[in-house]
Structure formats: structure tokens, C-alpha cells
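[1] my questions are about this predicted structure, shown below with the sequence.
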Protein chains: 2
Amino acid sequence: MKTLIKDCCIIKMTNENEIIKKGYILIEEDKISKIGEGEYKDLKDEKLNIIDGEGTAAIPGLINTHTHCSMTLLRGYGEGLPLMKWLNEKIWPFEAKLDAEDIYIGAELAALEMIKSGTTCFLDMYYFEDDICKAVGQSGIRGIICTPVIGDDWQQRIERFKAFYKRNNGSFDGRIINMLAPHAPYTCTRESLEQSAKAAKEMNCGLHIHIAETLDEVETINKTYGCSPVEFLEQTGIFENKVIAAHCVHISDKDMEILKKYNVTAAHCPQSNMKLSSGISPVSKMLALGINVSLGTDGASSNNNLDMIEEMQTASYLQKLSTSDATALSPYETLEMATVNGAKALGLEKEIGKLDVGMKADIVLIDLNKPHMVPIFDVCANIVYSGSGKDVKTVIVNGKTVMEDYVVKTMNEKDILNSVKKSVENILSRQ
Amino acid sequence: MKTLIKDCCIIKMTNENEIIKKGYILIEEDKISKIGEGEYKDLKDEKLNIIDGEGTAAIPGLINTHTHCSMTLLRGYGEGLPLMKWLNEKIWPFEAKLDAEDIYIGAELAALEMIKSGTTCFLDMYYFEDDICKAVGQSGIRGIICTPVIGDDWQQRIERFKAFYKRNNGSFDGRIINMLAPHAPYTCTRESLEQSAKAAKEMNCGLHIHIAETLDEVETINKTYGCSPVEFLEQTGIFENKVIAAHCVHISDKDMEILKKYNVTAAHCPQSNMKLSSGISPVSKMLALGINVSLGTDGASSNNNLDMIEEMQTASYLQKLSTSDATALSPYETLEMATVNGAKALGLEKEIGKLDVGMKADIVLIDLNKPHMVPIFDVCANIVYSGSGKDVKTVIVNGKTVMEDYVVKTMNEKDILNSVKKSVENILSRQ
């Protein structure tokens, strides 16, 4: 069975000027087999599942390159406290009570929220990773699920990762991929970082890490190692692998040179950086230097949602503000961060992040028939500045329709909301 | 006929601790007659129109204290240009082509967008004011519609205002109110400001003005008058009236003292200030000094929507970022800016901005049964940080239901979107 999306505007993300005002996308199996302007000519000769794209814009599925998916369960928990008090008294004690079932439910909620807001692939860092793989795999979207390395038992965690990787990597038609996630330079020892780097090389997998999120971190690393977090990580061999570095808020020119040299991706999380008073990442500068910068929401407790379209707006406006240049980070460049650059970050640039023949059919249709979306002078500006995840009408991942006309097909929304309620009640009742 | 909203969470905005987990609101005519916890007891004895509020939170209708409503027609027009090039080459030539009918359609679109995102009252500054009053009046929401004073014909504009005021102020059951809007200290002469102040005093109406939006403005005023915009305006007598000052980005401690002394409201527009690289208003500092700070979206071309819930999130995060204090501007304080403080700004604090007995029934029900809105640890945080205008389910203004269960009752959405399309085509075809 083939699927045809007809009469939609198409933002291919292959080139800023290559926006098709009205065209079609043909999907065969898991891939895009044809894409073009106007009408699809062979309409009568084939058995087609047709999706009417009239009044919508097709964009590549959005790629969230930094989150902690099951933290959806902690959305809004302990608001209004200073960072360390919030972590020590609220977040960490709550997390310590979570069991595998809670994590599964939290991951289901995250996947549901992501589908509804147009995210088709995400990079995660949270524990009970097998349960996350299962929830995400069943939801129909792609997940790069990582084993976190942190704490005294880091050696066991790295060992556990190897078996976990063999069990899960490439499962669910290749939609589940696994990476290793040494937490951060200030929470991991030098040895655990070196061993993480070595394990990643051995498994030929990527690494997901937090870098230079706060000034405190930079000061701590400087006191301990006499250099910046980026310089320290270079010494550990971490960067000799594919690395996605979340945040990169407080980085020097020298740090940027290192990131560039090793093709490290900076995963920018503007809403989290604002909410936690972390600071402003020099995104425009990094992009000008040729560093790959992608976009992430961070966990739901520091955002407080997983809406990548909202995140794009914030990313763009924050660079305009911080560079005093109203032309900084255009809607198209911001869309690139959330699609093309995200794919490149994950090493999936030949499969996702663009709408083109031969690419995986990860497609999101944005509803343009809404009061806040008209008139349409600049469709990218309307999506990034006027829109939000709630304008996502239809979502296709790996050729399969996971949401059509606002109705999620792969998950029962009501059941999940009820499970979340029960799960949270259970967690709070535990000592 | 009375209307009962039952089984909803109620955020009265009378006090941070006074949140009713499950309760009712009884509406008689245009006012709230009863409000309380649990079930409304006299249910059997009365003829009631019942709205099921299960799974929603009731908040006061949001008050947008700075916008240019018909600029919805310019949404996304001329993106990507530096400010003065954008104004000179795009915005102003486009605006010069607008006629009364375009403005009417643009105001309809704005009112529709505002209803759908929970705004029930707004303060405007745009021309063809009679047409705006008509569109807004018919939409069912409240509008404080102003006559702009700018340019060489300022005297005629002030004269015209007096007749305009007599025609429109208090019309549509009191939902339309009029004020005078001297544009800004750098676009108005000293004399026109003095005469605006005098006219406002004579008519006993408020003044709506832009103040200290950009550094350029501050420098221009300093060169011309040897003082700050706020100090200059004090000399003109403007502040001897009720004044809503949009932006207040670049203001000194002395300026703040003056704003406080005259009870001037600062209408904060964070998304516009970010998008146009204007800067960050010292909102937390102003609030600490006891200055009334309200919230506005500015026009749709510098935002690019009229969503006050999105604006609240940005306002809160921007203060956390700029003050390096993650506890700055809490969700509740931000809600105050968009309700209580907005009402105070407009001199309507005895009528709107709170949910309480005797207040006008301007009520918004927020849908909490959505993946991004669960779990609910802190309902204010969920609304301000996780939600957006698109979670607004039902809207009541002046006791009348203008939207119920996502369906706008006072306007035909499809017709308006079509009118906008035709209007824009017409405008672009004009020489």
C-alpha cells in the first residue's frame, strides 16, 4: 500500500528557496518515493491511501536532541525553588521513588506529547532504559535511548549498556537506537569518562552528555582540572566519538574551536536555560563557525513541555535579543536546527531531517487554516513564530501514520492520562 | 437565564492561596453572583444553563494591555529585515494602503484570535478606530480602542478624538471604552503631548503611549531634550492622567521613581522586545518597587501571534534569565500581570481581572485534559509554563458565552479567514 499526501505546501529543508507551494509526496513502505509540484499524475493507476494536505504545510518530522522523557511525570513539581533546593528536596527524592512501571508510563506520556506536537525522533537520557525503548517503540516514533553513566557504579552501568545495546539497538524496524550517556563533566570522574569514551568506540555508538550548562559547572571544573569543561572532555577522549553535547551555554572561543574540530553537536535548550537562569548559549556564533547546533526541549520539569515548535520560536527570539540583531537566526535556520541539524547530530542525515526521494517518510503536516496562521506571507515564519505544536494535524513516521487529523492512532490518549494520574498517586504514597 | 459552571478548578486571582480545587461559578446577567467550593446546592430550584467544567481550570479573562489589532493582516510580512528597513520598506508602505474595510477585517481576525486564546479585553492603538470599535463590539469581547496622535495633523486627530469618544465610549453594553494614544515621545512633538494630556484631562479618559522601547529612542530624546523619555513626558503633563506605557525597556531608577509617583502602568511585551532586539524590561525590579506591570503582545507583526498564555511563559522565563534568579516572576505573579494588573492599568479593577462575587463574568476555562497538561502538581505552572492559548476551551465575556468547547459562537471563523485572504490580495494589488 502506498500513501499519497496531496495538495500541501512542502518545506523540503533541502534548500531555503526550495519551498513547493502546492505539491504531493508519495510514500512507499518506509520511504518517500516521489515528491513534486502540482498534482501526482499516476493517481488513477495505483491503489493509494490518500491524505488530503489542502491547507497544510509538510515539514520533516521534528528532532528533539535533548530530553529526559519520563520526567513528564515531574512536570510542575516543586516549582518556585532555587535550583539546588529544587533538585535536592524535590526532583531527586521524587526520582528515587520511580520504578520501571512509572518510567514506562512517563515515556508513553512523553511519546504521546511528542507525536501531538510533531516530534518524530528524540535523543533521551534517563534510566530504566529497556522500559523506555519498549514504550517508545510501541508509540511508533523514533527514539535514541541512552544508558546514563553517573555515580559510583559507573563501571556496572557501562557493562550493562553493552548488553542493553545488543538487546535494543535497531529494534522496532530500526526506530530504536542506543547510545551511551556520561551525564556531565562535573558528575562523572575522569576515569568514568575515559571508559565511556572507550566503550562507545568499541560499540561504535554515539555519546550524549551535558556540557557547560551553568557557570557553577565551569567554575567547578576549572577548580578541579584547571581548564574548561570542553578542554577537560577533550583530554578524556570523549570527543573521538560522535557526541551530542546538551546546552553549551558557557563556552569560550577556544571551546568552540574544539567542538568544531571534533564535529561535536551542541544541542541548544533555550527554554530550560531561561527557566533555570542558566544563561544564553552563543548559538549564532557557533553556527557562523560551522558548528552543528541542534535543538532540544530538555526534560518537562524544566520547560515545562516537549513542544519543539515553541522551542524554535524561543531559540530564534533569544538570539535576536542576545546579539542585538533582529535578523539573527531566521525561521528557516531555526527549522534547520530542529530537522537537518538534528539528523546530522545523530548520524542519521541520510535517513531523516529532510523531505526528499529516498529519505525515510517522517512527515509532519502543520494546519495553516487557523486564525493565528493567516495571512501567509512567509510560511516558515508562520510555523516558527505564530504556530506551536498544537497546530500539528497529521504525523507520519517511517511511512506509518501515527496521527491523522489530530487523532493519535498508535496510542489511547485517555488511557495514558489515567495511567499517569494513578502512577503519580502511587509515587507520592511511597515512603 | 442564569449560567452555572460546575466542577471546575477556580483560580480566583484574589489571593495566591485561594485556589478552589473543585467548585462552581454562578453567573447572573453580566456578573458573577456566586462562587464556591464543591457543588452548587440550589441546582434543582432554578432554570440554569449548565457548563460542565470538569477537567478545566477557570481563570479571569486575560487582558492584553498593548496591541495594534489590525496588524494581524501584516503577520509575517517582511520578515528578516533590520528594524528600520522593515518599517520603511515593508510595514509603513503596506499600512499606507489599508482602508477602513481592511482594518475592520484585521480587527475581526484579531478578535477571533483573542477569543480562541482566552483574551477577553485588550488595549489597542491603530487607526480607522470607528471600524475597530464595530468589529470588536460585534465579536463580544471588550476593547479599549484609542485614537493615535502622531504626525503633523495631531491637532485634528485630538479634535476628532473628542467626537469619536462621544460616539463610541461605553457602547456595546459598556464593552467598548476609548482612550487617546499619543504614539511615543520620539514621534510626537512637545506641544502635541501637552495637548494630548490636556484633552485626556478634559475628557477624563486614559492615555496609551509607547515609552523607552529602544536605546535609539532614549538617545534621541536625550539629544533633543537633555533628559530621559520618562523625564521628558513628566514635563508634558502626560502623567497627570491614567497612563499605560508600553514597553518601558530602557528605564533608569529615576524613571522608575517617576512611574511609581504617577501610578503609571508599564505594559510589558517580552516577545516583541526579543524579536525586535529591543532589550529586556526590568519587570521584577518594577514590581518590587510597587509599579503596576501588565502584559501585552504588541502587534502580530512583531510577535507573531496574540497568545497571552505564551506571552506569560516568555515574561516569566525572561525575568528568571535576566535576574539570574530561577524563582523570579512565578506563574502566579505572571498570571497577575495578565489579569489583575491589566484591569488596574485600565482603571477596571472593580469590574474585571478577578473571579469574585460582583465582578463582571469574564471567565476562561482552560482544558487540563491534555498530554502536556498532566500531571497537575501546580495548576498555575501548568497553565503558564506548559499551556498556551490553544488550551482555552470556553470563554465567557460580560456574562455571555462567546466560545464553548472550542467553538466560537459570535463569529464565523471560516468566513473571516476567507475575508482576510481576499483583503490581503486586494491590498497587494493596490499601487
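    That came through fine.

[2] contacting residues for A:Ile238?
    Listed by C-beta atoms under 8 Å, 6 or more residues apart in numbering or on different chains, the contact set of A:Ile238 reads A:182, A:193, A:196-197, A:207, A:209. In this view, the C-beta of every residue, glycine as well, is placed from N, C-alpha and C.

[3] now it: phi and psi?
    The phi and psi values for A:Ile238, taken as degrees, to the nearest 10, are phi -50, psi -40.

[4] how near is it to B:Glu234?
    With distances taken as C-beta to C-beta, to the nearest Å, A:Ile238 is found 59 Å from B:Glu234.

[5] also A:Thr189?
    Separation of A:Thr189 from B:Glu234 (C-beta to C-beta): 61 Å.

[6] do the same with A:Tyr317
    Relative to B:Glu234, and taking C-beta to C-beta, A:Tyr317 is found at 32 Å.

[7] again, but for A:Ala199
    In terms of C-beta to C-beta, A:Ala199 sits 67 Å off from B:Glu234.

[8] so who does the closest residue to A:Met308 other than its chain neighbours touch?
    With C-beta to C-beta, 6 or more residues apart in numbering or on different chains as the criterion, A:Met308 has its nearest non-adjacent residue at 4.2 Å, and that residue is A:Leu62. Shown in contact with A:Leu62 (C-beta under 8 Å, 6+ apart): A:117-121, A:308-309, A:338-339, A:342, A:364.

[9] neighbour count for A:Ala199 and B:Glu234, which is higher?
    A:Ala199 (22 against 19; other C-beta atoms under 10 Å in any protein chain shown).

[10] where does the more buried one land in three-state SS?
    Using DSSP: H, G, I helix; E, B strand; the rest coil, the structure places A:Ala199 in helix.

[11] you'd agree it is up against A:Lys162?
    Yes. If you go by C-beta atoms under 8 Å, A:Ala199 and A:Lys162 touch, sitting 7.1 Å apart.

[12] which ones are touching A:Phe377?
    B:75-79.

[13] pretty sure it is in a strand, no?
    No. Using three-state DSSP, the assignment for A:Phe377 is coil, not a strand.

[14] for the helix or strand bottoming out on mean pLDDT in chain A, buried residues please.
    When the helices and strands of chain A are scored by mean pLDDT, DSSP states H and E, helix A:83-85 comes last with a mean of 86. Under the neighbour-count criterion of 16 or more other C-beta atoms under 10 Å in any protein chain shown, helix A:83-85 has A:Leu83 buried.

[15] quick one: contacts of that helix?
    Under the criterion C-beta under 8 Å, 6+ apart, residues A:276-277, B:326 lie in contact with helix A:83-85.

[16] out of these, who's the most crowded?
    A:Leu276 (24 neighbours).

[17] my guess is that residue meets B:Thr327, correct?
    No. Here A:Leu276 lies out of contact with B:Thr327, judged by C-beta under 8 Å, at a distance of 10.8 Å.

[18] shared neighbours, those two?
    Both A:Leu276 and B:Thr327 are contacted by B:Lys320, under the criterion C-beta under 8 Å, 6+ apart.

[19] so which residue is dead centre in chain A?
    Centroid-nearest residue in chain A, with C-alpha atoms, centre = their mean: A:Asn64, separated by 1.2 Å.

[20] before we move on, the earlier item: can you narrow the contacts of A:Phe377 down to the ones near chain A?
    B:75-79 (C-beta under 8 Å from any C-beta of the partner chain).

[21] before we move on, back to that, so the residue nearest to A:Met308 bridges to which residues?
    Assessed by DSSP bridges, A:Leu62 has beta-bridge partners A:Thr119.

[22] next one: the one 5 residues further on
    Beta-bridge partners recorded for A:Thr67 (DSSP bridges): A:Asp124.

[23] got a list of what it touches?
    When the contact criterion is C-beta under 8 Å, 6+ apart, the partners of A:Thr67 are A:110, A:122-125, A:296-300, A:306.

[24] one more time with 6 Å, if that's ok
    Shown in contact with A:Thr67 (C-beta atoms under 6 Å, 6 or more residues apart in numbering or on different chains): A:122, A:124, A:297, A:299.

[25] mind checking how far it is from A:Thr214?
    Distance of A:Thr67 to A:Thr214, given as C-beta to C-beta: 18 Å.

[26] and what of A:Glu16?
    35 Å.

[27] A:Gly78 contacts A:Leu87, doesn't it?
    No. Assessed by C-beta atoms under 6 Å, A:Gly78 is found out of contact with A:Leu87, at 8.9 Å.

[28] who's more crowded, these two?
    A:Gly78 (18 against 14).

[29] follow-up on the earlier one: A:Glu16 and A:Thr214: who's more crowded?
    Neighbours per residue (other C-beta under 10 Å) separate A:Glu16 from A:Thr214, with A:Thr214 holding more: 20 against 14.

[30] thinking again about what came up before, and which of the contacts of A:Ile238 is nearest to chain B?
    Minimum distance to chain B across the contacts of A:Ile238 is 22.7 Å, recorded for A:Ile209 (C-beta to the nearest C-beta).

[31] what bridges to that closest one?
    So, taking DSSP bridges as the rule, A:Ile209 has A:Ala245 as bridge partners.

[32] again, but for A:Ile50
    Assessed by DSSP bridges, A:Ile50 has beta-bridge partners A:Leu4.

[33] ok, it - how many residues close by?
    Neighbours of A:Ile50 (other C-beta under 10 Å): 13.

[34] now the residue nearest to A:Asn168 when sequence neighbours are not counted: how far from chain B?
    The shortest distance from A:Asn168 to any residue other than its chain neighbours is 4.6 Å, reached at A:Cys133 (C-beta to C-beta, 6+ apart). Separation of A:Cys133 from chain B (C-beta to the nearest C-beta, to the nearest Å) stands at 20 Å.

[35] before we move on, the earlier item: of all the contacts of A:Phe377, which two lie farthest apart?
    B:Arg75 and B:Gly78 (10.8 Å; C-beta to C-beta).

[36] looks to me like A:Ser301 is in a strand.
    No. A:Ser301 sits outside any strand when classified using three-state DSSP, being helix.

[37] near chain B, which residues of the stretch 101-250 of chain A show up?
    Counting by C-beta under 6 Å from any C-beta of the partner chain, the positions of the stretch 101-250 of chain A adjacent to chain B are A:109, A:112-113.

[38] what's next to the stretch of helix or strand A:Asp216 belongs to, contact-wise?
    According to DSSP states H and E, A:Asp216 maps onto helix A:215-225. For helix A:215-225, the surrounding residues in contact (C-beta under 6 Å, 6+ apart) are A:185-186, A:212, A:229, A:232, A:250.

[39] can I get it as CSV, trimmed to CA atoms?
    Taking C-alpha atoms only, helix A:215-225 is exported to CSV below (Å, rounded to 0.1, in the frame of the first residue of the first chain):
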residue,chain,number,x,y,z
LEU,A,215,28.6,29.0,35.4
ASP,A,216,28.9,26.9,38.5
GLU,A,217,29.9,23.9,36.4
VAL,A,218,32.6,25.9,34.6
GLU,A,219,33.9,27.1,37.9
THR,A,220,33.9,23.6,39.5
ILE,A,221,35.7,22.1,36.5
ASN,A,222,38.2,24.9,36.5
LYS,A,223,39.0,24.4,40.2
THR,A,224,39.3,20.6,39.8
TYR,A,225,41.1,20.4,36.5
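
[40] nearest to chain B among the contacts of A:Leu62?
    For the contacts of A:Leu62, the nearest to chain B is A:Ser117 (7.5 Å; C-beta to the nearest C-beta).

[41] let me see the contact set for A:Ile145.
    Under the criterion of C-beta under 6 Å, 6+ apart, the neighbours of A:Ile145 are A:124, A:129, A:132-133, A:178.

[42] which parts of the stretch 201-350 of chain A are strands?
    A:207-211, A:243-247, A:265-268, A:293-295 (DSSP state E, counting those that start in this stretch).

[43] skip the chain neighbours and tell me the closest residue to A:Val384.
    A:Pro331 (4.0 Å).

[44] surely the one you found meets A:Asn382?
    No. Counting by C-beta under 6 Å, A:Pro331 does not reach A:Asn382; the two are 8.4 Å apart.
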